[in-house]
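Engineer: pasting a predicted model and its sequence here:
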Amino acid sequence: MVNQLEHEINRRRTFAIISHPDAGKTTLTEKFLLYGGAITLAGAVKGKKAKHAVSDWMEIEKQRGISVTSSVMQFQYEDYCINILDTPGHQDFSEDTYRTLMAADSAVMVIDASKGVENQTRKLFKVCLLRDIPIFTFINKMDREARNPFDLLEEIEQELGIKTCPINWPIGSGKEFKGVYEREKKRILAFTANNGQREVEAVEADLADPDLEQLIGREHRQALVDDIELLDGAGDAFDLGQVRHGKLSPVFFGSALTNFGVEPFLEDFLKMTTAPLPRHSNLGEVDPFDPDFSAFVFKIQANMNKAHRDRIAFMRICSGKFEKGMEVQHVQGGKKMRLSQPQQMMAQDREIIEEAYAGDIIGVFDPGIFSIGDTVCAPSKKWEFEGIPTFAPEHFSLVRQVDTMKRKQFIKGTSQIAQEGAIQIFQELGGGMEEVIVGVVGTLQFDVLEHRLKNEYNVDIRMEGLPYQYIRWIENEDLDPKTLQLSSDTKRIQDLRGNHLLLFANEWSIRWAQEHNKELRLSEFGRS
Ligand code: G4P
């Protein structure tokens, strides 16, 4: 008989939803929650106002009406226990978005059928590839005019470098959207346009069904038969092994807003994706079913309660079971401790929890001891999980304090905010901390920095945008950056750990550096 630990871990599915803003990620998430019974009213999650209730804590987010930090939601569907990791969807997303993907076992990529692969999807996808996690594609908004489905698949394959396998196939789009053909089940789910948020009626019919022509029209029937023949003959066959290793993405067409194709997608996805996967540590792979608890910190959320300047550390449980009040070892800090106020997001609410299992995400009160990537585990174990890479910022500013008497607070504030992972700090080679180069993934983080330094540390700063767009870590450890031949618009800098990096104004300068320094090895990801 399967024991309870195994049963609980086996039924967990932990995934991230990625997309470019406006592709429909929030709408799709909401429909998932509806099916799971976690919310009863469509619109409870979606919509700018309601979004605050779900994931916004920081004042600045409220002012802007956006969600800066990624949030986690847990709900039950059939016998599955699902953890959805939401990634901030607006233009100004942050490094947290990337880190969230480190906590997921798979990713759902939502693509707008009229737009195809967009910039933010591209960036997030690159991070998914780092870990070869399974990627499932939901091509959304088929109820609107869409691009040719073959072109969409080709674009995904070309631009993202992953093979695709459509599980269903659309019949028309926009006003002419008639539904989808489910290839494996060999049946048609017919779409009936409705404007409401109730589930659309699904009529089932076989390809050979004489009523098919009446249902979808003669032209659509012919196009469908031709398309399916082409797909069956020339397309990549479904292969679960390849899906599980992130080499083949199952593709689903649907319309989240009208609820069309969402539940079949959820059901297939839950079957195809994996239960919690083993994680690498310094002592080899850690099996999720190992009864000893272990977790790593992937995100630190500051300022939940301004009065206390407290933080919440979000951890992904990698093995065993967590119980409230249990003693654990904080490996990097070398200390035994009890995790206090463990909590989980259940749709809109945050709840104190009694227990959690491998695959789950918990938030714990952090008195300022955790850093991103830290391991927490049963005291008998000495596991240390592989760190989370540092992702390349894309925007840079020179930052200094206005009042030089506030130097100490400035250093403390910037260092702490950097430790939480909201910004990255760099210095000129051999430079001090009175003036730092701040790098961010999304420019909103500059506002967050300014706001927090003023409000929490009472420091005013002066910020000057720098014209760099690319940063690369120098991988050669024994290379003196001063000896490099670089174009005049390239800057040599270092991070607080003493790693050497280069700042480039454009891609041309990167190529120039590589052509003139044959031994130079550059990386887009920093060691942690
Ligand atoms: P995001 O989280 O990826 O940024 O996207 P979100 O779900 O907020 O959806 C962006 C817009 O696209 C919303 O419209 C939403 O209603 C619409 N949308 C999502 N899925 C579909 C779909 O399947 N079909 C169609 N036709 N539209 C869809 P909005 O007007 O920007 O927001 P709202 O006023 O509806 O909240």
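Structural biologist: Thanks, I have it.
Engineer: what residue ranges in the stretch 201-350 of the chain score low on pLDDT?
Structural biologist: Along the stretch 201-350 of the chain, segments meeting pLDDT under 70 span 201-203, 303-310, 345-350.
Engineer: could you show me where the helices are in it, in order?
Structural biologist: Shown for the stretch 201-350 of the chain, the helices assigned by DSSP state H, counting those that start in this stretch span residues 212-216, 218-234, 240-244, 262-272.
Engineer: for the longest one, buried residues please.
Structural biologist: Spelled out, that is helix 218-234. Counting neighbours by 16 or more other CB atoms under 10 Å, one finds that the buried residues in helix 218-234 are His220, Arg221, Leu224, Asp227, Ile228, Leu231. The C-beta positions use only the backbone N, C-alpha and C, and glycine is treated the same way.
Engineer: format those as TSV; extra columns: distance to the ligand.
Structural biologist: Shown next, in TSV, are the buried residues of helix 218-234 (distance: CB to the nearest ligand atom, whole Å):
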residue	distance to the ligand
His220	19
Arg221	24
Leu224	21
Asp227	21
Ile228	23
Leu231	23
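Engineer: on that earlier part again, want to throw the helices of the stretch 201-350 of the chain into JSON lines with distance to Glu386?
Structural biologist: JSON lines is the format used below for the helices of the stretch 201-350 of the chain (distance: least, CB to CB, whole Å):
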{"stretch": "helix 212-216", "distance to Glu386": "50"}
{"stretch": "helix 218-234", "distance to Glu386": "39"}
{"stretch": "helix 240-244", "distance to Glu386": "20"}
{"stretch": "helix 262-272", "distance to Glu386": "26"}
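Engineer: tell me which of those sits nearest to Thr97.
Structural biologist: With CB to CB as the criterion, Thr97 lies closest to helix 262-272 of these, at 21.0 Å.
Engineer: helices and strands around that closest one, which ones?
Structural biologist: Using 3 or more CB pairs under 8 Å, 6 or more residues apart in numbering; DSSP states H and E as the contact criterion, the elements in contact with helix 262-272 are helix 25-35, strand 135-140, strand 248-253.
Engineer: at 6 Å what do you get?
Structural biologist: Packing contacts for helix 262-272, counted by 3 or more CB pairs under 6 Å, 6 or more residues apart in numbering; DSSP states H and E, involve no helix or strand.
Engineer: tell me the angle that helix makes with helix 25-35.
Structural biologist: Orientation note: helix 262-272 sits at an angle of 80 degrees relative to helix 25-35 (axes from the mean of the first three to the mean of the last three CA atoms, to 10 degrees).
Engineer: lowest confidence element among the helices and strands of this protein?
Structural biologist: helix 48-55 (a mean of 37; mean pLDDT, DSSP states H and E).
Engineer: can you list contacts of stretch 125-135?
Structural biologist: Tyr98, Leu101, Ser106, Ala107, Met109, Leu160, Val243, Arg244, His245, Gly246, Ser249, Thr273 (CB atoms under 6 Å, 6 or more residues apart in numbering).
Engineer: put the alpha carbons of it into CSV.
Structural biologist: The C-alpha trace of stretch 125-135 is given here as CSV (Å, rounded to 0.1, in the frame of the first residue of the first chain):
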residue,chain,number,x,y,z
PHE,A,125,11.3,30.5,-22.1
LYS,A,126,15.1,30.8,-22.0
VAL,A,127,15.1,30.3,-18.3
CYS,A,128,12.8,27.2,-18.6
LEU,A,129,15.4,25.8,-21.0
LEU,A,130,18.1,26.1,-18.3
ARG,A,131,16.4,23.2,-16.5
ASP,A,132,14.8,21.3,-19.3
ILE,A,133,11.4,21.4,-17.6
PRO,A,134,8.3,20.3,-19.6
ILE,A,135,6.6,23.2,-21.4
